[in-house]
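**Q** Mind folding the following:
(one chain, ligands or ions: 1)
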Amino acid sequence: MKILFLNGPNLNLLGQRQPEIYGTTTLADIEDAVREQAEGRADIEFRQSNDEGALVTSVQDAVGQADVVVINAAGYTHTSVALRDAISATEVPVVEIHLSNIHAREEFRHNSLIAPVCQGQICGFGPTSYILGLEAALSIK
Ligand code: CA2
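**A** Numbering: from 1, shown residues only. Below you'll find the predicted structure:
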């Protein structure tokens with residue numbers, strides 16, 4: 001069982017900028033916690049990109065490489081028709097996750113373009129959203 005975690009733009013800044021919004025945990029810390037939780041249960045690959053096209057390509061290439069994709073598409077969640085189309089086209093199930101509760105934030109964050117083509121959405125639990133995303137992924141396959 002292989003699970004691919006995709007992380008979108010600016011998530012490389014986690015723990016380094018705006019800790020009042022996004023906390024002090026870095027993406028590397030989150031990756032470590034996910035790997036620990038997945039030990040003996042799944043192989044984990046973690047990727048981060050600021051590039052919309054690179055995320056689209058990762059979703060396309062997931063077929064045959066991963067059993068489930070867990071994605072925090074960050075800002076592209078609310079804007080990317082291209083990412084939605086890639087998720088819609090793939091046979092690999094995709095779980096949407098967010099650190100923050102996007103429904104409790106600014107109105108422009110309430111709509112996720114990718115939500116209708118994902119298996120489900122987890123948001124609002126901080127770094128634990130990634131652990132819950134892992135458990136959701138494990139429950140699918
Ligand atoms: O809550 C989430 O996980 C988000 O996907 C985070 C995105 C935001 O655009 C989504 O609406 C919700 C922002 C990621 C940027 O992370 C930063 C971390 C530190 C400093 C600046 C940005």
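
**Q** CA atoms for contacts and neighbours, from now on please.
**A** Will do.

**Q** What parts of the chain come near the ligand?
**A** Contact residues (Cα under 6 Å from any ligand atom) of the chain with the ligand: 10-11, 13-14, 17-18, 22, 72-75, 98-100, 102, 109.

**Q** Next step: those residues restricted to helices.
**A** Y22 (DSSP state H).

**Q** Name the nearest of the residues of the chain next to the ligand relative to L55.
**A** Comparing the residues of the chain next to the ligand against L55 with Cα to Cα places A73 closest, at 8.4 Å.

**Q** burial of the closest one, as a residue count?
**A** Other residues near A73 number 26, with proximity taken as other Cα atoms under 10 Å.

**Q** for it, what are its contacts?
**A** Going by Cα atoms under 8 Å, 6 or more residues apart in numbering, A73 touches 6-9, 96-97.

**Q** Just those: which are in strands?
**A** 6-7, 96-97 (DSSP state E).

**Q** all helices for the chain, in order.
**A** According to DSSP H, the helices that the chain contains are 19-22, 27-38, 52-61, 81-89, 128-140.

**Q** Using a markdown table, please lay out those together with mean pLDDT.
**A** Below are the helices of the chain laid out as a markdown table (pLDDT from 0 to 100):
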| stretch | mean pLDDT |
| --- | --- |
| helix 19-22 | 87 |
| helix 27-38 | 98 |
| helix 52-61 | 98 |
| helix 81-89 | 99 |
| helix 128-140 | 98 |
